[in-house]
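Novice: The following block contains a protein sequence and its predicted model.
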Amino acid sequence: MKNIAYYEGRTSLIDEMMIPANDRAFYFGDGIYEAATVYNHKIFALDDHLDRMFNSAAIVNIKLPYTREEYAAILKDLVKQVDHEIQFLYWQVSRASAPRGHAFPGDAKPTLYVYSKPLEKVEMKDDYHLISVPDTRYFHCNCKTLNLIVNVMAADQAKSCGCQEVVFIRDGLVTEGSHSNIHIIKEGKLITHPLDNLILPGTERKHILRYCDQLGIPYEERAFSLDELKAADEIVISSTSQPFMRAISVDGQPAGGKDPEICEKIRSCYWAEVADLYE
Ligand code: PLP
């Protein structure tokens, strides 16, 4: 197939998938989601995504009806059916399909929606432009919920300024981007926001710290200010589909771009793991 969608056991092309309007994802964004990259019909870092999915579900009290192995089997089966080597795989679990009402329906049975579609290539770009915006989100940012209205508005603000991402600022400190984590490198050390309720525990963030360990690059998990970001040697944006982007401007002023060697070393660890999926 050229792409695939799945909803509660039914499969079709994405554009042809029908989903009940009573699905609570539609009314309330009452659900959680994950996105992963697929290389050679194998899902990169699937274990990390499943770990986070179960964690997100626990935070919002969604009782997942399947085991990890059952979810993994569904996802693996679907990506095999798409005729493309690199794919973008997305899945979401909604609390239930039930008549609208804020409180959880009594017999809530979570629903699973998945799609996978071709991805031309995964690139590591060196030319990101960023704008800082106030982080007006709530205090559950560690949960990958479907409620993304502030992220969506921020991403659109970045786009309308010709930027690729925002830098969310809360209490004077950088938290993350609208759909990415943000790290800085200063004097050979990587600095990244600690894991707490103000950021999403990014899978790529986790991998980057592991690559730093492998390479003997020191890192610190602490919040940093916008001024520190602007004065950093490198500003790194990470996410599943944008694994290691370097920013070169913040709020219209040149920034970062001063330590490409360290960035190339970290990037090469990612590509080595991708190469493993072709063996
Ligand atoms: N932070 C936010 C708000 C995100 O939406 C994302 C990814 O979508 C990330 C961070 C990065 O997470 P990951 O590296 O798992 O893609």
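Specialist: The structure has been received and is ready for your questions.
Novice: When you work out contacts or count neighbours from here on, use the C-alpha atoms and nothing else.
Specialist: Fine.
Novice: which bits of the stretch 151-279 of the chain sit near the ligand?
Specialist: Taking CA under 6 Å from any ligand atom as the contact definition, the stretch 151-279 of the chain meets the ligand at 177-181, 200, 202-205, 238-240.
Novice: what separates stretch 231-246 from the chain centre, distance-wise?
Specialist: 13 Å (CA atoms, centre = their mean, to the nearest Å).
Novice: what's the answer for stretch 59-66, then?
Specialist: For stretch 59-66, the distance to the chain centre is 20 Å (CA atoms, centre = their mean).
Novice: Report the buried residues of that stretch.
Specialist: 60, 62, 64 (16 or more other CA atoms under 10 Å).
Novice: And for stretch 39-48?
Specialist: Buried, per 16+ other CA under 10 Å, within stretch 39-48: 39-46.
Novice: Using JSON lines, lay out these together with pLDDT, distance to residue 28 and secondary structure.
Specialist: Formatted as JSON lines, these follow (pLDDT from 0 to 100; distance: CA to CA, whole Å; DSSP: H, G, I helix; E, B strand; the rest coil):
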{"residue": "39", "pLDDT": "98", "distance to residue 28": "33", "secondary structure": "strand"}
{"residue": "40", "pLDDT": "98", "distance to residue 28": "35", "secondary structure": "coil"}
{"residue": "41", "pLDDT": "98", "distance to residue 28": "33", "secondary structure": "coil"}
{"residue": "42", "pLDDT": "98", "distance to residue 28": "32", "secondary structure": "strand"}
{"residue": "43", "pLDDT": "98", "distance to residue 28": "29", "secondary structure": "strand"}
{"residue": "44", "pLDDT": "98", "distance to residue 28": "30", "secondary structure": "coil"}
{"residue": "45", "pLDDT": "98", "distance to residue 28": "29", "secondary structure": "coil"}
{"residue": "46", "pLDDT": "98", "distance to residue 28": "27", "secondary structure": "helix"}
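Novice: wait, which of those residues is closest to the ligand?
Specialist: residue 45 (9.4 Å; CA to the nearest ligand atom).
Novice: Return the distance of the closest one relative to residue 52.
Specialist: 11 Å (CA to CA, to the nearest Å).
Novice: same question, residue 26
Specialist: From residue 26 across to residue 52, the span is 22 Å (CA to CA).
Novice: And the contacts of the helix ranked longest in the chain?
Specialist: Ranked by residue count, the top helix of the chain under DSSP state H comes out as helix 260-276. Helix 260-276 has contacts (CA atoms under 8 Å, 6 or more residues apart in numbering) with 39, 44, 124, 188, 207-208, 211-212, 215, 234, 244.
Novice: Among those, name the ones in helices.
Specialist: Judged by DSSP H, the contacts of helix 260-276 include 207-208, 211-212, 215 as members of helices.
Novice: With neighbour numbers in mind, choose between residue 26 and residue 52.
Specialist: Using other CA atoms under 10 Å, the more surrounded residue of residue 26 and residue 52 is residue 52, with 22 against 16.
Novice: Would you mind listing the residues in contact with that one?
Specialist: Going by CA under 8 Å, 6+ apart, residue 52 touches residue 201.
Novice: Not counting residues beside it along the chain, what's closest to residue 143?
Specialist: Spatial nearest neighbour of residue 143, excluding adjacent residues (CA to CA, 6 or more residues apart in numbering): residue 56 at 4.7 Å.
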